[in-house]
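Colleague: Just to be clear, the model below is a prediction. Sequence and coordinates:
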Amino acid sequence: MITYRKELWFNINKRRGLINITEAVQQAVGESGIMEGLVLVNAMNITSSVFVNSIESGLHQDFEVWLEKLAPELPYEQYNHNKGDEMNADGHLKRTIMGREAVVAITGGKLDFGSWEELFYYDFDGMRDKHCLIKIIGE
Amino acid sequence: MITYRKELWFNINKRRGLINITEAVQQAVGESGIMEGLVLVNAMNITSSVFVNSIESGLHQDFEVWLEKLAPELPYEQYNHNKGDEMNADGHLKRTIMGREAVVAITGGKLDFGSWEELFYYDFDGMRDKHCLIKIIGE
Amino acid sequence: MITYRKELWFNINKRRGLINITEAVQQAVGESGIMEGLVLVNAMNITSSVFVNSIESGLHQDFEVWLEKLAPELPYEQYNHNKGDEMNADGHLKRTIMGREAVVAITGGKLDFGSWEELFYYDFDGMRDKHCLIKIIGE
């Protein structure tokens, strides 16, 4: 069995934003030399997500509107968590909807994706250094 | 370490519907010969889900009503994604709530499930060929 | 490859409640002797969740309010599932939002967590014996 570990770092210049990390994760799979196995990709911060969906900017706008409806940023005072120094309670809730992690199969040394599947990092509390973890196990 | 890969294919005859895939996944675990390990089961399309819950038709109706409340299909024009050829933006959102994948332990050659746990495939944009992936690693 | 399996049991004295299980899972990782790999932690009941977020009681209160807004407990009659003996349909929905499972990397014999990440068990239908599964694979 082989394992491989890598971190990806981000600092987006706004409160919320999406980054396509498919190529970066595929590159890590290549570096690992693992041909058959599983890759875990998870946010290492608790106000961001790793999730699988398609590259379609209209859909990404829809996610933004929808998440704001389900877990609105404002008013900040509606959340107990915002009584501290951070005003990011909505980010914790939005990340809960989108998920912390994706587990993806590796087959023949490639991410074993179906139709339109791509990996995204979604930050809900940006303008600071954030990171996600790639951990690969297999052979 | 052994790995095993199998696809399950579906074509449900309506926009949305659930299929119990527990036996099909258990069968794949048997075919793999793996006694101890993990199985990843994920939708390979981005408007469907794989999730774990119980066989209870009342609950399945509740999911349908609830998802329609959180991410309504209509009006189609409310979503940017629906400006293209597809009218399935709600399916992307519903699948986000239900999740893309389940990771299940294998112990003694069986899916290591607790009380009432069963695996389901949930399609939110049916009437077309869709598939999910089973990837098993272990010994 | 080594695998290790352990169950954690709970009986919380109210309908809903959170338990921090980070130390218990880290202890299981230590017992396994696995230095590099993955740990799956999943609820074995279908009205509870295992998820990753921070130890912050204000945030935990926010989760409670938010989940009750997205999937209200009352009135019981709004759910088909509640026509049986159980009045826990809302628990199935709340657990769907929070998720069934977490997969966490193990690096150097430790849970490979980022900033503020902690593992929680969240019961949405307590006052009975419930359990979750820890399954570890690696070397």
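Modeller: Good, I have the coordinates. Numbers count the residues shown, from 1 in each chain, chains lettered A, B, ... in the order given.
Colleague: Please name the nearest non-neighbouring residue to A:Glu31.
Modeller: A:Tyr4 (6.7 Å; Cβ to Cβ, 6 or more residues apart in numbering or on different chains). From N, CA and C alone the C-beta is placed, and that goes for glycine too.
Colleague: sorry, that was for A:Arg16
Modeller: A:Phe124 (5.4 Å).
Colleague: Can you name the residues of chain A sitting close to chain B?
Modeller: Residues of chain A found near chain B (Cβ under 8 Å from any Cβ of the partner chain) are A:1, A:36-38, A:51-54, A:56-59, A:61-63, A:66, A:70, A:97-99, A:102-105, A:107, A:112-117, A:137-139.
Colleague: List buried residues within those.
Modeller: Neighbour-count burial (16 or more other Cβ atoms under 10 Å in any protein chain shown) is assigned, among the residues of chain A next to chain B, to A:1, A:36-38, A:51-54, A:56, A:59, A:62-63, A:66, A:70, A:97-99, A:102-105, A:107, A:112-114, A:117, A:137-138.
Colleague: Out of the residues you listed, list just those in strands.
Modeller: Members of these lying in strands (criterion: DSSP state E): A:Gly37, A:Leu38, A:Phe51, A:Val52, A:Asn53, A:Ala102, A:Val103, A:Val104, A:Ala105, A:Thr107, A:Ile137, A:Gly138.
Colleague: which residue does chain A bring closest to chain C?
Modeller: Closest approach between chain A and chain C, counting by Cβ to the nearest Cβ: A:Met44, at 2.4 Å.
Colleague: Let me see the contact set for that residue.
Modeller: A:Glu7, A:Lys130, A:His131, A:Cys132, A:Leu133, C:Phe113, C:Gly114, C:Ser115, C:Glu117 (Cβ atoms under 8 Å, 6 or more residues apart in numbering or on different chains).
Colleague: Leaving out chain neighbours, which residue sits closest to it?
Modeller: Nearest non-adjacent residue to A:Met44 (Cβ to Cβ, 6+ apart): C:Gly114, at 2.4 Å.
Colleague: now do A:Glu73
Modeller: In space, not counting the residues next to it along the chain, A:Glu73 is nearest to A:Asp90; the distance is 4.4 Å by Cβ to Cβ, 6+ apart.
Colleague: Could you report the pLDDT at that neighbour?
Modeller: A:Asp90 carries a pLDDT value of 98.
Colleague: The residue most central in space within chain A and C:Val25, how far apart?
Modeller: Residue closest to the average C-alpha location in chain A (Cα atoms, centre = their mean): A:Val50, at 1.9 Å. Using Cβ to Cβ, to the nearest Å, A:Val50 is found at 20 Å from C:Val25.
Colleague: close to chain C, is the lengthiest helix in chain A?
Modeller: Assignment by DSSP state H gives helix A:57-70 as the longest helix of chain A. Yes. Judged by Cβ under 8 Å from any Cβ, helix A:57-70 and chain C are in contact via A:Leu70.
Colleague: now the angle from that helix to helix B:57-70?
Modeller: Interaxial angle of helix A:57-70 relative to helix B:57-70 (axes from the mean of the first three to the mean of the last three Cα atoms, to 10 degrees): 100 degrees.
Colleague: before we move on, back to that, which residues touch the residue nearest to A:Glu31?
Modeller: Contacts of A:Tyr4 (Cβ under 8 Å, 6+ apart): A:Ala28, A:Glu31, A:Ser32, A:Gly33, A:Ile34, A:Ile134, A:Lys135, A:Ile136.
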